[in-house]
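Chemist: structural data only, the sequence is not supplied:
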């Protein structure tokens, strides 16, 4: 084992906050072999994997993989095409809306494969994993086991030299698991130089590996071949050896599971199903399923992945409505909103579905209270289940920081916290280590036998199936057989339940599809592209791989594209017609204390203009005050008593006018209107009374309103609204792109594949730039044809500017996306980061030159400012390239600055 | 009792989730503190630094006087340019105004011939076009008057106009901008928090868990409404007292408590909108776009940015169903004009009615879709 090393870890230590995940690990992983990593949940196995794969940044110590230091980005870049990493969790690094083919092609392109090579490899891999018939099915619609196979195919597509598989068979049915390992064996036979590192919770799998590493609490317990470990512990199987290796404290309390026989007296029926059927489209997931489960019985549900087990369970919990058939829980027919029944049932779903924002304790506490455990008992109950399921040490941690097995235990604890009479558990022990699994079964045995709790459980572990009172075998939506485990094995004439099970499945599967055993993997052709492309600095193909994927996701989600396109046009209408800067129809009212023809004439002068609309007259000061406070009138006019008489006699008289200053812009305009209308009235009165017109100033001032002679709001507004909308929508589209991958887990592909930061960013950006340009074309079209805004300048210049601007807008969205940790924060940040600057500080309403303070600073650097100028220039002022050079340059400069910022801030490794 | 307990528990859960996202907390804090400051101080007071160019073809004492009458803060120092530079300068947006003083301007004036000056106004920048145009005319007339008579004062007209601006005598825009930004943030944040929280539950599969527990859709929805509403209300109160009154030293006329009561009712409507949008959008990206689509019209057409009465009749009528219309009117009445409940009760009633309607619609929709969310 001293020959070649796949990886060498020296003094590696890693902490998450205060929690030590890896504690001074030194380990040599031999090359060319199958190395297994075994250990209880949450001892740092996955952390070790992510370090070796280069997905996580090293904190302390040294990690060498394939002969180089993983702390060195150049080495990581050079070796990542030779490493394949399949992370833990069902299909975590896959793209759910993309089909099997598209997922595989995406990875193929990332590793620089051309179309022919990709097709050949995809065909081979899907053929040999049995995925071939489903190549066009979206990954999100695959069963757990199929997702795992697809994940493996994605990892294998580039002929890696070092394959890292983190619990690849968790949640996979026995038949698929056997196929999975066959596949690995065949690939290894073809490529003997390939090293494989596997973490697994299945000890019988691990016992077949060449070399094992046993871990606990962030440390290495032992290394060696399985035989070495047996010898060291004096045991004969790995499960016992592993338990013997654990420190005393961990082992304490572990004893073999003993399930007392069930009392034979007949009990009432707890669950009954008759002819239960569920269809999704034309696919029948559950087909005429019948079963009866008695109170206190442990009923096991076995079957291949995707055979309808989870669907059946969901129908029983009321999550799905059955299309046909009936079911009763405790003798009551299933009701969708039956709160009382829910109180009596504990359910655990296959995928982790608890709150990852709450700590373990908070999750337990919340569920205890929602199930109305009496207040006084809550703390005691939480403490009790925490101890029972080994959650004490992690009680204040967040689920995201926990290992898969620990999360499963938390889910179990939650399902049981209210002491339900019935437990419906969907693969509760997948990914849970052997000791915890035994403890869990002991608890179930106690519940069933002592408290007569009915347990309906699905599992892929045969030793667990053997512990059930009765089991049902399902395949393709139908129940194949239902009996006690012993009877099933006996009826089949098999030595073990597993053999019987595989026999049934092969028979059933053979009947409907599979004919020949999968063909051998074709000899790998040395591919130039496969390993060479990883080192080039910027690869168009890798970028296009992301472009294509992002575009596909966009196409699969037509609502999003439609919202962006229709939304912007709709808003253009709303803003174009709705925002009016012409201050008109100002409501005013008169407090006429004179009541003469002349005073009425004064009021008429106001109401006759298009600026003012008269409201019912004011009767006294109190009403004046009330109506102004209410906003009923913006202008109040008081005409004093004796108004007409005083004018008659040439005695100076004063008209009082109050203007509502709450909206300054409106107040200011109203002030101007009143002044000029007053002057106009004076002039007309003078003309009528005295026959002469007073001179209005000494100079004639001729006003020329340019570009927009009618001073139409629409003409002024539309060209300025287009830039605003062309920022908001594209920015919002890209704002979620990176953070979404972070939140949903597929960001790992960026960490461990050769794709560079700029390739990744541009790949995410370009599809949305395309969408934005379509948006731009639509909006300009609407402005010209429907709003009749004349387009007087150079359209080409405008289009070039729009392209540069769209690049900036999408880069702004990306910047927010990189910065934020959650999608909600990204949406909020984008909204506050774009709406205010775009509507207030970019010249839409107030020219940028007249802004002050922070507004002026924002206005000068914000790209919208420049695009507003260009848009107005080209639309209204007939400008072309020559006049707009400066603004175009400013826009062009924004793109590299924004993208550069993104590249600097984007991390190529998790920290 | 069970209802209330569940609503309370689930609401606490929402608050805990929010606390787990420190970036979100920072953003909320920013939006209600620094963001308010930026919005308040960024906008100019009345006419500010309007760019003007003067073509002085007269080169007389009077034309010099006129040119020197334009100075900051209302105007930028005027650019003295030739006639040929005017078009280009206005084309590229360098000048909003260009004043052309013709040859023999002074001589004509002295001779009593009422000379004509030309004022070019860039009508695409509409806010400055009107006010600035008025200012410039006044300045030119006053300078001519003073040049001729040695005094700017004109004889008092027979009927004097006593103009008083109420509530905001100096027509300070910063004051207006700050409060409107608080109001806009209230609406935006409440929609985002509830809607996105619902989508997150769906994307993380936690809705499934809620559905198998003895809680009703009403409880789930009510818990999100109260918890997120409280967050926004607290942020809003902080913003008004600490930022607007404290840091920005702006007067608030009416009762903040009354305003917060109204804001609470408003939040009932907007959080319901958030839930409703959360049931329509299938994913967070869809929600983000939908939110933009709903939020912008709410902000622009509720009377907060431009006065309602200037909008087309149809828009005014349609916007009556939006809670923001009534909220903005109520907020302006209370905060700017010191109105009491005796004045704003119709808005309170409208907001309650709209809020109840929206809550009922959102709940119906939530009930019918929640089953499909898991």
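Modeler: All right, it came through fine. Given the structure is predicted, the values throughout are model-derived calculations rather than measurements.
Chemist: which residue ranges form the strands in the stretch 101-250 of chain B?
Modeler: B:116-122, B:159-166 (DSSP state E, counting those that start in this stretch).
Chemist: ranking these by burial, who's on top?
Modeler: Most buried of those by mean neighbour count (mean count of other C-beta atoms under 10 Å in any protein chain shown) is strand B:116-122; its value is a mean of 21. C-betas here are computed from N, CA, C, even on glycine.
Chemist: so what does that one touch, helix or strand wise?
Modeler: Contact here means 3 or more C-beta pairs under 8 Å, 6 or more residues apart in numbering or on different chains; DSSP states H and E; on that basis strand B:116-122 packs against strand A:700-706, helix B:83-91, strand B:97-101, helix B:126-149.
Chemist: paired strands for that strand, with orientation please.
Modeler: strand A:700-706 (parallel), strand B:97-101 (antiparallel) (DSSP bridges).
Chemist: what's it in contact with?
Modeler: A:699-707, B:86, B:90, B:93, B:95-102, B:105, B:129, B:132-133, B:136-137, B:140 (C-beta atoms under 8 Å, 6 or more residues apart in numbering or on different chains).
Chemist: next one, pLDDT for residue 268 please.
Modeler: Since no chain was named, I'll use chain A. For residue A:268, the model assigns a pLDDT of 83.
Chemist: can you look at chain B instead?
Modeler: 91.
Chemist: now do the same contact list for the closest residue in space to it that isn't next to it in sequence.
Modeler: Spatial nearest neighbour of residue B:268, excluding adjacent residues (C-beta to C-beta, 6 or more residues apart in numbering or on different chains): residue B:355 at 3.9 Å. Shown in contact with residue B:355 (C-beta under 8 Å, 6+ apart): B:265, B:266, B:268, B:269, B:272, B:323.
Chemist: got any ranges where the chain has weak pLDDT?
Modeler: Just so you know, I chose chain A. A:1-3, A:250-254, A:264-266, A:335-337, A:509-536, A:580-582, A:690-697, A:708-713 (pLDDT under 70).
Chemist: sorry, I should have been clearer: chain B.
Modeler: Using pLDDT under 70, chain B drops low at B:44-46, B:125-127, B:152-156, B:373-374.
Chemist: what's the local residue count around the residue of it found nearest chain A?
Modeler: At 2.0 Å from chain A, residue B:42 is the closest residue in chain B, using C-beta to the nearest C-beta. Other residues near residue B:42 come to 25 when the count uses other C-beta atoms under 10 Å in any protein chain shown.
Chemist: isn't it up against residue A:850?
Modeler: No - at 10.7 Å, residue B:42 and residue A:850 do not qualify as touching, with contact defined as C-beta atoms under 8 Å.
Chemist: shared neighbours of these two, anything?
Modeler: By C-beta under 8 Å, 6+ apart, no residue touches both residue B:42 and residue A:850.
Chemist: Throw the strands paired with strand B:116-122 into CSV and include distance to residue A:310 and mean neighbour count, thanks.
Modeler: Shown next, in CSV, are the strands paired with strand B:116-122 (distance: least, C-beta to C-beta, whole Å; neighbours: other C-beta atoms under 10 Å in any protein chain shown):
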stretch, distance to residue A:310, mean neighbour count
strand A:700-706, 70, 14
strand B:97-101, 72, 24
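Chemist: I'd like those strands as CSV, with distance to residue A:305 appended.
Modeler: Below are the strands paired with strand B:116-122 laid out as CSV (distance: least, C-beta to C-beta, whole Å):
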stretch, distance to residue A:305
strand A:700-706, 72
strand B:97-101, 75
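Chemist: how does chain A divide up, domain by domain?
Modeler: With automatic domain parsing as the criterion, the domains of chain A are listed as A:5-251, A:269-512, A:557-576+A:711-905, A:586-690.
Chemist: thinking again about what came up before, most tightly packed of the helices and strands packed on strand B:116-122?
Modeler: strand B:97-101 (a mean of 24).
Chemist: what's in contact with that one?
Modeler: For strand B:97-101, using C-beta under 8 Å, 6+ apart, the contacting residues are B:50-58, B:63, B:66, B:78, B:81, B:83, B:86, B:89-90, B:117-122, B:128, B:132-133, B:136, B:140.
Chemist: now render the helices and strands packed on strand B:116-122 as TSV, adding distance to residue B:169.
Modeler: Below are those laid out as TSV (distance: least, C-beta to C-beta, whole Å):
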stretch	distance to residue B:169
strand A:700-706	29
helix B:83-91	35
strand B:97-101	27
helix B:126-149	17
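Chemist: quick one, which of these gets closest to residue A:332.
Modeler: Across the helices and strands packed on strand B:116-122, residue A:332 has its closest neighbour in helix B:126-149 (68.4 Å, C-beta to C-beta).
Chemist: dump the residue contacts of the residue lying closest to residue A:726 once chain neighbours are set aside.
Modeler: Leaving out its chain neighbours, the residue that sits closest to residue A:726 by C-beta to C-beta, 6+ apart is residue A:776, at 5.8 Å. Residues counted as contacts of residue A:776 (C-beta under 8 Å, 6+ apart) are A:722, A:726, A:799, A:802, A:806.
Chemist: ok, so of those, who is nearest chain B?
Modeler: For the contacts of residue A:776, the nearest to chain B is residue A:726 (12.3 Å; C-beta to the nearest C-beta).
Chemist: what's the helix or strand for the closest one?
Modeler: helix A:713-735 (DSSP states H and E).
Chemist: what helices and strands are in contact with that helix?
Modeler: helix A:558-578, helix A:757-785, helix A:795-819, helix A:823-840, helix A:863-876, helix B:284-301.
Chemist: just want the angle from it to helix A:795-819.
Modeler: 40 degrees (axes from the mean of the first three to the mean of the last three C-alpha atoms, to 10 degrees).
Chemist: relative to helix A:795-819, how tilted is the next helix or strand after helix A:713-735?
Modeler: Using DSSP H and E, the next helix or strand after helix A:713-735 towards the C-terminus is helix A:737-744. Interaxial angle of helix A:737-744 relative to helix A:795-819 (the same axes, to 10 degrees): 30 degrees.
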